[in-house]
Every structure is written in structure tokens, then in C-alpha cells.
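# task: produce atomic coordinates for the following.
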Amino acid sequence: MRLHVVCYSGRKEDERPLRFQLDDHEYFVEEVVDQWYGPNDAFFKVRASDGNLYVLRRRSSTPEGEWSLESFRDLTRGG
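This is a model prediction of the structure:
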């Protein structure tokens, strides 16, 4: 699975995700539901344009700020 994230960069780089692409599907972030920080990571729980919830992680310990999908919840099926 390939993940590419496009972020809003305000006071700091990659402040919050605006949209992301999983393989060949693009999703717009409708809402950042929650966000939290670990020692080397930033986590964003987002509601995407498909109505589902995703938890995206940005590793701040790597120069590229690698992104990964940590969780997915299908809300369109009551999940």
C-alpha cells in the first residue's frame, strides 16, 4: 500500500494533513478529529471525504517525515 500525504504548512512544516492518496484513491480531509504527539511521531485522526476515519502517523525522526496509515474505521457500514 502506497501512502502520499499533502499537508497545510503554516507556522510549521506539515502542520496538518489536507488530503492523502492510498494507492490509486485520493481522499480529502474533511475534519481533523484528534491529533497527538509521541516522542518521535505526530498522529492525526481524520474524517475523510469518503466518510471514514483514518489515523495517519508522521515520523518526525526521519528527515523525510515518512507517513503511514495506522488505523482505518469504515463508518459507512456502521463500523
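
# could you use CA atoms for every contact and neighbour count after this?
Fine.

# now Val5. Nearest residue, chain neighbours left out?
Excluding the flanking residues, the one nearest Val5 by C-alpha to C-alpha, 6 or more residues apart in numbering is Phe20, at 4.3 Å.

# tell me the pLDDT at Asp14?
pLDDT for Asp14: 66.

# show me what contacts the residue nearest the centre of the chain?
For the chain, the residue nearest the mean C-alpha position is Leu56 (3.4 Å; C-alpha atoms, centre = their mean). Going by C-alpha atoms under 8 Å, 6 or more residues apart in numbering, Leu56 touches Phe43, Phe44, Lys45, Val46, Trp67, Ser68, Leu69, Glu70, Ser71.

# which ones among those map onto strands?
Secondary structure defined by DSSP state E assigns Phe43, Phe44, Lys45, Val46, Trp67, Ser68, Leu69, Glu70, Ser71 of the contacts of Leu56 to strands.

# which residue comes closest to the fourth one once chain neighbours are left out?
Spatial nearest neighbour of Val46, chain neighbours left out: Val32 (4.5 Å); criterion: C-alpha to C-alpha, 6+ apart.

# closest to Ser61 among the ones in strands among the contacts of Leu56?
Using C-alpha to C-alpha, Trp67 comes nearest to Ser61 of the ones in strands among the contacts of Leu56, at 11.3 Å.

# for the residue nearest to that closest one when sequence neighbours are not counted, pull up the helix or strand it's in.
The spatial neighbour of Trp67 that comes closest, neighbours along the chain excluded (C-alpha to C-alpha, 6+ apart), is Arg58 at 4.5 Å. Secondary structure from DSSP states H and E places Arg58 in strand 53-59.

# parallel or antiparallel, which strands does that strand pair with?
Counting by DSSP bridges, the strands paired with strand 53-59 are strand 41-48 (antiparallel), strand 67-73 (antiparallel).
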